[in-house]
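>>> Take a look and give me a structure for this.
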Amino acid sequence: MSPRYRHPSARKGTTIVTAPPSGAAGRSRRRSISRTTAVSLSVVGALVAGSVLAGCSQQRDPDVYTVLNSSTDESFHRWDAKTLATCSEQLGIQIEQQSVPAAQLKTKALRMASSKSLPDVLQLDASEVPQFAEAGGLTPLREAGVSDENVSRSTIDFGSYKGEWYGAARSVNTLALFYNKDILDQAGIEVPTTWDEMREAAKALTEGKRYGIALSAGGAEDGVFQFTPFMWSNGGDETDLGSKNVAEALDYWKSLLSDGSLSKSTVNWTQADVNDQFMAGNAAMMINGPWQLETLNTDKDLHYGIATIPVPKAGEDSVAPMGGAVLTVANTGESEREKTAAKIINCMTSEKEELTYAINSGMVPANENAAKAWRAKFPELSAIADQVETARSRTAKVGDRWPTISLALQSAFQQALTGKAGSEAALDAAQRRATSGE
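Numbering: from 1, shown residues only. Alright, predicted model coming up:
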């Protein structure tokens, strides 16, 4: 599973049109969704900029506003539909929800940009905001009229690029350490808080077909997302992949493999695969995120706990990535529609709607008042809230260069964890690749 909240079984694009308020007119604009190939970053600028410069030549239905998101999972789609129905009623407009699989959302948005039919509200993974903002495809939120009241500085930074706020989060997520309470209790092992403790616990908990820990080190964004807590907590930085601190973090992963505490299949696992292994009893601990809670809670016999990710030395901060989607106002060239899009976002990110959404999803509300209420309601999830407080964005330091850096790290994982290269050599190569932009 990617850092977005996406259920692994979600494959097909779906569309829901919310019922218009009484007396409102409008017609549905359903579109077919198809699989497409990946689009290069240079094409992002060409298509989006071309759309903005040319203006919106395609006639829009003045009574229908569109929200494009990746909520293809039935639960998330239903929750969003309910929110949009509420916002439709409050604003006196008709809002259409269009959902496509997360991996296809950027390509879908680019297609819409090229045909001058961008949605009014575009949900993006926060890591994609710099690409669209740099290309001129987004309207600054404050300029459009989106409120930042009761939103923390870190959450605003999460959706910002070059000091401008483009993406409003309804909720945020991060990673944490999940552990099987029964297995740890039976083994008499305390929940680890440091790297040494986690390594020793993982070795002790490895037995038969059960590994001590599971994590995703696959050649995709999932693996990079899971590596960042180890890299950042050890003082490593994405601006210098060849540093000693980054190599030590990768060596730590290798030590779990050499101990036999981590399956060799980790290089192929997504975060959804990791969750499957944990639920099947094939791993006593795992690194994962709150998007798995709904699935985990379907097994009433599974007693799990959540803790912050262990750190190199006791007392240090556990720095994990802040993840999740943000709502953006697409630069359609129509100022009045953009102002209405801002009103839709204000409704979706209101304290009441955020709290409802967070209660359903297990994510942490972006609104600080809603977050306090959420923490009080779910004390068992306090570790996730604690982890969010020290979390940071993947793009904060490198902006739209993040995809290139991510690809370089993915290659390094495959080289180092399969024994084809040492950590330092693999990461030196990754730094050269990141610098060259290849």
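>>> Low-confidence ranges, the stretch 101-250 of the chain, go.
For the stretch 101-250 of the chain, no stretch is flagged by pLDDT under 70.
>>> could you redo the last one with a cut-off of 80?
114-116, 219 (pLDDT under 80).
>>> And for the stretch 251-400 of the chain?
Using pLDDT under 80, nothing in the stretch 251-400 of the chain is flagged.
>>> what about the nearest residue to R392 once chain neighbours are set aside, neighbour count?
When the adjacent residues along the chain are set aside, R392 lies closest to M322, with 6.0 Å between them (C-beta to C-beta, 6 or more residues apart in numbering). C-betas here are computed from N, CA, C, even on glycine. Neighbour count for M322, taken as other C-beta atoms under 10 Å: 24.
>>> Next: the one 5 residues further on.
Applying other C-beta under 10 Å, we find 25 other residues in the vicinity of L327.
>>> That one should be in a strand, yeah?
Yes: counting by DSSP: H, G, I helix; E, B strand; the rest coil, L327 is part of a strand.
>>> List the contacts of it.
Shown in contact with L327 (C-beta atoms under 8 Å, 6 or more residues apart in numbering): 67, 121-123, 167-170, 345, 348-349.
>>> quick one: contacts for the nearest residue to L262 once chain neighbours are set aside?
Of all residues not flanking L262 in the chain, L256 sits nearest, at 3.9 Å (C-beta to C-beta, 6+ apart). The contact partners of L256, by C-beta under 8 Å, 6+ apart, come to 199, 202, 212-213, 262.
>>> Of those residues, which is the most crowded?
That'd be I213 among the contacts of L256, by other C-beta under 10 Å, with 29 neighbours.
>>> sec struct for that one, please.
Quick answer, by three-state DSSP: I213 is strand.
>>> looking at the sheet around it, what are its partners?
Residues in a beta bridge with I213, per DSSP bridges, are M285.
>>> Of all the residues in stretch 62-75, which ones are buried?
64-73 (16 or more other C-beta atoms under 10 Å).
>>> can you redo those as TSV with distance to A341, secondary structure and pLDDT?
Compiled in TSV, the buried residues of stretch 62-75 are given as follows (distance: C-beta to C-beta, whole Å; DSSP: H, G, I helix; E, B strand; the rest coil; pLDDT from 0 to 100):
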residue	distance to A341	secondary structure	pLDDT
V64	12	strand	94
Y65	7	strand	97
T66	9	strand	96
V67	9	strand	97
L68	11	strand	96
N69	13	strand	95
S70	18	coil	93
S71	18	coil	93
T72	22	coil	92
D73	24	coil	88
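>>> With respect to E238, which of those is nearest?
S70 (24.2 Å; C-beta to C-beta).
>>> Could you pull up the residues touching that closest one?
By C-beta under 8 Å, 6+ apart, the neighbours of S70 are 4, 6, 99-102, 105, 123, 125, 325.
>>> Out of those, which comes closest to A247?
Using C-beta to C-beta, those come closest to A247 at D125, 27.8 Å.
>>> what about that closest one, distance to L417?
25 Å (C-beta to C-beta, to the nearest Å).
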